[in-house]
Structure formats: structure tokens, C-alpha cells
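Participant: Structure, please.
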Amino acid sequence: MTKKELAIANHDKKYNCAQAVACAFSEEVGTDEAVLFKACEGLGLGMGCMECTCGALSGAIVLAGFKNSDGRTDNPGTKAATYRLSSQLVQRFKEKTGSTVCRELKGIDTGKVLHSCPDCIKDGVETVQEILGL
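Facilitator: Prediction:
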């Protein structure tokens, strides 16, 4: 099963878009799937009932931290690099989908859907693979 297929299967099991993307890469980031599932639970539905960042993109950004952070709570040394990765994820995702905002992607105000949830999930996975090399 490809990562895209796994992420879609996760979504079909009622994972939100952030959970679907992040959990597909649990093995690659060396983190228990349940931890990623819990960490991403509040990131679905565009963080605020479609008002904010697409969950698929949010899940990808969570993965950037899990992949890149040095985990040093006493003296973090990787924030700037992780911010750069996150910025790259945002830009690439926007190129693929036309927006990073759930409300816009779903066409809530315009009636014109830019990208469906499954398509956002697939593009989120692809973006993770391209930018994070997972």
C-alpha cells in the first residue's frame, strides 16, 4: 500500500485530515501512531470549523517537527530549520491546491470547491514526501 493509499484508508476509518496524513508516516518518524493521532486531533476541520489551515497541511507540519526537532527542551537548536521546512511545506501545498485555508479549499463562501478532502490528503502526503523525504 502506498502512503497516499494508507492516508486515504486512515481517513476512511474516520481519522481527520491531519491525522490521516501524519499517521501514515508514524513509522518513518519513529513515533507511535496513537501519539500522532492524539497530537493531530484538534487540527482537523481547518482548526476552527473550516476557518484556518487545512488539516492535511497541518498534519504535514506536525511531521516536520517530529522529523527535524532535536527534542532538546533545555536548549532547542532546530527551530529555525524546522520553520524553514514548514514554510516549504506550506508553499508547495499551496502550489498544488490553490490555498492553505480549509474554508477556501472547500468553497464554503464561493460554492466553488478548489480541492476535496481526499485530494488535499493525497497532496499533503506527496508534499511530505517531496519536502521531508519521508
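Participant: buried residues in the longest helix seen in the chain?
Facilitator: In the chain, assigned by DSSP state H, the helix with the most residues is helix 79-97. By 16 or more other CB atoms under 10 Å, the buried positions in helix 79-97 come out as Thr82, Leu85, Ser86, Leu89, Val90, Arg92, Phe93, Lys94, Lys96, Thr97. C-beta coordinates here come from the backbone N, C-alpha and C atoms, glycine included.
Participant: same question for that helix, mean pLDDT?
Facilitator: Averaged across helix 79-97, the pLDDT comes to 98.
Participant: Nearest to Glu104 among the buried residues of helix 79-97?
Facilitator: Thr97 (9.2 Å; CB to CB).
Participant: one step back: quick one: which of the buried residues of helix 79-97 is nearest Pro118?
Facilitator: Among the buried residues of helix 79-97, and counting by CB to CB, the member closest to Pro118 is Thr97, at 12.0 Å.
Participant: you'd agree that closest one is up against Cys117?
Facilitator: No. Proximity of Thr97 to Cys117 does not meet the contact threshold set by CB atoms under 8 Å, at 11.1 Å.
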